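Chemist: sequence below, structure please.
(chains A and B)
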Amino acid sequence: DIVMTQGVLPNPVPSGESASITCRSSKSLVYKDGKTYLNWFLQRPGQSPQLLTYWMSTRASGVSDRFSGSGSGTYFTLKISRVRAEDAGVYYCQQVREYPLTFGSGTKLEIK
Amino acid sequence: QVQLQQSGAELVKPGSSVKISCKASGYTFTSYDMHWIKQQPGNGLEWIGWIYPGNGNTKYNQKFNGKATLTADKSSSTAYMQLSSLTSEDSAVYFCARHSGGLDYWGQGVMVTVSS
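Modeler: Numbering: from 1, shown residues only, chains lettered A, B, ... in the order given. The predicted structure is shown next:
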């Protein structure tokens, strides 16, 4: 199985600052079609996860452009610009390159 | 608008089975995979499998072979997951989620508690 390893944030992050969340995969997530099969989710306390980006850098419908995904085949970053209180929660990366689909263990973001 | 409405919380005994539902509305049910995800208390997310309601095709995480069975009823636009031979390790919140690019719409989750 592909192992997804997420970094830790130096919490809390002051409101208005930027935050970068990292995720590393044990195998390249680039498929032969050229797409990178990496998704990002935010799970706010007591809520279901929300899709932020897919194919590494495509923002999901209705997601603020403050969220941007980038990376290479095995190392990925979700950057959040000008963080707000509503951005607090746990962020998960997920690989959909091969089965079984796997998630990272999550990165908690707290806002000051 | 797209909605996935899941059934209510379940308290079940060890060794028994439970079937939870996910009723879809606001889109063509038969045109999108429906995925199921497990989240144990305080833990991360674990992918169980998907079903394509259009033809009933399924794909499972091997870890859940024999544990989870996914079905779908086109007439009611409802996806189901049955969990069998329940143990305390199956106590968790279970989500359904539609796949379109990514898992773009999620149900509210069903808490399953396995206890005697």
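Chemist: which residues of chain B score low on pLDDT?
Modeler: By pLDDT under 70, chain B has no low-scoring segment.
Chemist: in it, which residue is most central in space?
Modeler: B:Trp36 (4.0 Å; CA atoms, centre = their mean).
Chemist: in chain A, what residue comes closest to chain B?
Modeler: Nearest residue of chain A to chain B: A:Tyr54, at 3.4 Å (CB to the nearest CB). From N, CA and C alone the C-beta is placed, and that goes for glycine too.
Chemist: tell me how far that residue lies from A:Val96.
Modeler: Using CB to CB, to the nearest Å, A:Tyr54 is found at 8 Å from A:Val96.
Chemist: residues contacting residue 46?
Modeler: You didn't say which chain, so I picked chain A. A:Gly46 makes no contacts at all, as judged by CB atoms under 8 Å, 6 or more residues apart in numbering or on different chains.
Chemist: think we crossed wires, I meant chain B
Modeler: Residues in contact with B:Glu46 (CB under 8 Å, 6+ apart) are A:103, B:37-40, B:61, B:63.
Chemist: just A:Pro14 next, same as before
Modeler: Counting by CB under 8 Å, 6+ apart, A:Pro14 makes contact with A:83, A:111-112.
Chemist: just the buried ones from those, in ChimeraX syntax?
Modeler: Burial among those is assessed by 16 or more other CB atoms under 10 Å in any protein chain shown; the matching ChimeraX selection reads:
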select /A:83,111
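Chemist: could I get the contacts of A:Pro14 as JSON lines with distance to B:Ile51 and secondary structure?
Modeler: Formatted as JSON lines, the contacts of A:Pro14 follow (distance: CB to CB, whole Å; DSSP: H, G, I helix; E, B strand; the rest coil):
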{"residue": "A:Val83", "distance to B:Ile51": "37", "secondary structure": "coil"}
{"residue": "A:Ile111", "distance to B:Ile51": "38", "secondary structure": "strand"}
{"residue": "A:Lys112", "distance to B:Ile51": "43", "secondary structure": "coil"}
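Chemist: which of the contacts of A:Pro14 lies closest to B:Ile20?
Modeler: A:Ile111 (33.9 Å; CB to CB).
Chemist: quick one: what helix or strand has the residue positioned nearest the centre of chain A in it?
Modeler: Computing the C-alpha centroid of chain A and ranking residues by CA atoms, centre = their mean puts A:Trp40 first, at 3.4 Å. Using DSSP states H and E, A:Trp40 sits within strand A:38-43.
Chemist: what packs against that strand?
Modeler: Other elements packing on strand A:38-43 under the criterion 3 or more CB pairs under 8 Å, 6 or more residues apart in numbering or on different chains; DSSP states H and E are strand A:19-25, strand A:50-54, strand A:67-71, strand A:89-95, strand B:102-106.
Chemist: again, only this time at 10 Å
Modeler: strand A:19-25, strand A:50-54, strand A:67-71, strand A:75-80, strand A:89-95, strand B:102-106 (3 or more CB pairs under 10 Å, 6 or more residues apart in numbering or on different chains; DSSP states H and E).
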